[in-house]
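Student: Predicted coordinates and the sequence they were generated for:
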Amino acid sequence: MRKLTHVAVLAWLAMMAGAALAFDNGQYDNVPPDIRAWFKSVIAPNGVPCCDISDGHRTSYDVRGGASWVPIEGEWMMVPERAVIRDRGNPVGEAVVWYVHHRGSIIISCFVPADAV
């Protein structure tokens, strides 16, 4: 039983460590309710929610050979087509990218271009 408790605690700590990277500690208090609602409603083409306002990063982007590219942590990365969302609009007027660190790599989960309709 004690071993099971330790495993559960370690799993919880690992999950919280990842969540801490996108923590809303009040920096989003002045975001209008409609913008906050939009961030919460964006869903990737595969049906997975992109998460929340604290997880989305406003960004510049470039289109090269028909693919979108975004700068993440100083490196330009190609946005996979599976992450591009074109049908949710974009009330912030800037491109937004959602990404996570996973096993030493950056995985782009969602991207909304600035001109999405």
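Tutor: Great, that's in hand. Fair warning: this is a prediction, and the values are worked out from it, not measured in the lab.
Student: going forward, measure contacts between C-alpha atoms and count neighbours the same way
Tutor: Noted.
Student: May I see the buried residues of the host helix or strand of Trp69?
Tutor: If you go by DSSP states H and E, Trp69 is part of strand 67-72. Under the neighbour-count criterion of 16 or more other C-alpha atoms under 10 Å, strand 67-72 has 68-70 buried.
Student: Pairing partners for that strand, with directions?
Tutor: Its sheet considered, strand 67-72 pairs with strand 62-64 (antiparallel), strand 75-78 (antiparallel) by DSSP bridges.
Student: Which of the buried residues of strand 67-72 sits closest to Asp55?
Tutor: Val70 (15.5 Å; C-alpha to C-alpha).
Student: Quick check: beta-bridge partners of the closest one?
Tutor: Met77.
Student: how about low-confidence regions in the chain?
Tutor: 1-29, 52-54, 117 (pLDDT under 70).
Student: residue boundaries of the strands in it?
Tutor: For the chain, strands defined by DSSP state E occupy the ranges 56-59, 62-64, 67-72, 75-78, 95-102, 105-112.
Student: hmm, back to that, can I get the strand holding Trp69 in PDB, CA atoms only?
Tutor: Provided in PDB are the C-alpha atoms of strand 67-72 (Å, rounded to 0.1, in the frame of the first residue of the first chain):
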ATOM      1  CA  ALA A  67       3.100  25.900 -44.300                       C
ATOM      2  CA  SER A  68       3.000  28.200 -41.300                       C
ATOM      3  CA  TRP A  69       6.200  28.600 -39.200                       C
ATOM      4  CA  VAL A  70       6.400  30.100 -35.700                       C
ATOM      5  CA  PRO A  71       9.300  31.200 -33.500                       C
ATOM      6  CA  ILE A  72       9.300  29.200 -30.300                       C
END
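Student: Cool, thanks, talk later.
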